[in-house]
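# any chance you could fold what I've pasted below:
(one chain, ligands or ions: 2)
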Amino acid sequence: MIVVVNANAPEKEIERLKESLLKKGLEINYSRGVDHIIMGLIGDTRSVEISNIESNDIVEKVLRVQEPYKKANRLFHPESSVFNILGSLIGGKNFAVMAGPCSVESEEQIISVAKSVKAAGATFLRGGAFKPRSSPYSFQGMGLDGLKLLKIAKAETGLPIVSEIMSTEMLDEFVKDVDVIQVGTRNMQNFVLLRELGKTNKPILLKRGMSATIEEWLMSAEYIMKEGNEQVILCERGIRTFETFTRNTLDISAVPAVQRKSHLPIIVDPSHSAGMYWMVEPLAKASIAAGADGVMIEVHNSPETALCDGSQSLKPEKFAELMIKLKKYAEIEGKVIG
Ligand code: PEP
Ligand code: MN
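Numbers count the residues shown, from 1 in each chain. Ligands and ions are numbered 1, 2, ... in the order given. Below is the predicted model:
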């Protein structure tokens, strides 16, 4: 349920209303805009009489929220969320570009890719250190050594780093060393992990489960937010359909759908959607056109010899050419890459 209050109401009256709602055992998610204050009520609202609250002069209206997600719901927070992560912005008029290799493979590799994506205008460096591979015989990532190398690349370029966590065991290391903690498609419904991430103060990049509905995805965001961490960035990375031509089917309609239902920023990962490097450019352009708040793109200095996802990785030169085009596309949408 949400209670819309006139923002010019006397503070005393607002406090009195808040107290009466808290007394009913409800949690209040408070959001102040220019004209309105939105009090989002979380908990058992069955005993709340809408007409009683509406009889209060300072209350403009009361609405029942149908969706099961609350803190992620745009009704609870009408303005789009914007996060500032070490100076790189996501949301609003900003278009974020996260780029880097699927996996960190060596110091030379990550430093050279980091420098080239930075020069091309990327705003975050991505790199996997713990890799969720379908086969236990495939390269599993460099682990903690990979995180160390990402830190060196960050020191060299100033780019905030994004890396995937696979289990709660590594939580302390990630909180210490990583700027945006990625939850991969396979862990979108690892509720134990989500809850623990909700207790941290790190921005979380929550990828869509490969078979998850938009509502299930937003419920996973809610798991994180319920614990107090409201910095959740959603990432559409393609879903499983009957089509086998592409690695996944990019659900571009998820972008406007999520933006209608939620205030959280949403970015697109064209690399894992397509599975093929030559399809990354059209899908990245489509993402901007659909209104996405950013893209995540895999870039590798030597895709032919990459230990993971070489076939969908762009060479640094191709990425730089793509960035020139994306800047123009962003401009058409009234956004800046920054
Ligand atoms: C990745 O970003 O490298 C990755 C494994 O992504 P996803 O979870 O979307 O498959
Ligand atoms: Mn990958």
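# got the residues of the stretch 101-250 of the chain near ligand 2?
When proximity is defined as C-beta under 5 Å from the ion, the stretch 101-250 of the chain approaches ligand 2 at C102. Every residue, glycine included, has its C-beta placed from N, CA and C.
# could you pull out the helices in the stretch 101-250 of the chain for me?
Assigned by DSSP state H, counting those that start in this stretch, the helices in the stretch 101-250 of the chain fall at 107-120, 144-157, 171-177, 191-198, 214-226.
# and the third one, what's buried?
Within helix 171-177, the residues that qualify as buried are L171, E173, F174, V175, D177, counting by 16 or more other C-beta atoms under 10 Å.
# pretty sure the fourth one contacts I204?
No - the pair V175 / I204 is not scored as a contact, 11.1 Å apart, by C-beta atoms under 8 Å.
# so who does A221 touch?
By C-beta atoms under 8 Å, 6 or more residues apart in numbering, the contact list for A221 reads Y69, A72, L206, V232, L234, S262, L264.
# how close does it sit to E298?
From A221 across to E298, the span is 24 Å (C-beta to C-beta, to the nearest Å).
# also K318?
The spacing between K318 and E298, counted by C-beta to C-beta, is 11 Å.
# one more: Q140?
Separation of Q140 from E298 (C-beta to C-beta) stands at 18 Å.
# more neighbours: which of those two?
Applying other C-beta atoms under 10 Å to Q140 and E298 shows that E298 carries more neighbours, namely 30 against 18.
# I'd like the next helix or strand past the helix or strand harbouring the more buried one.
Using DSSP states H and E, E298 maps to strand 294-298. Downstream of strand 294-298, the next assigned helix or strand under DSSP H and E is helix 316-332.
# tell me the gap between the very next helix or strand once past that following helix and the middle of its chain.
Sequence-wise, the next helix or strand downstream of helix 316-332 (DSSP H and E) is strand 336-337. In terms of C-alpha atoms, centre = their mean, to the nearest Å, the centre of strand 336-337 is found 17 Å from the chain centre.
# give me the mean pLDDT for strand 336-337.
The average of the pLDDT scores along strand 336-337 is 96.
# out of the helices of the stretch 101-250 of the chain, which gets nearest to V183?
Across the helices of the stretch 101-250 of the chain, V183 has its closest neighbour in helix 191-198 (6.8 Å, C-beta to C-beta).
# from the chain's centroid, how far away is that closest one?
15 Å.
# report the buried residues of that helix.
Across helix 191-198, burial judged by 16+ other C-beta under 10 Å covers L193, L194, E196, L197, G198.
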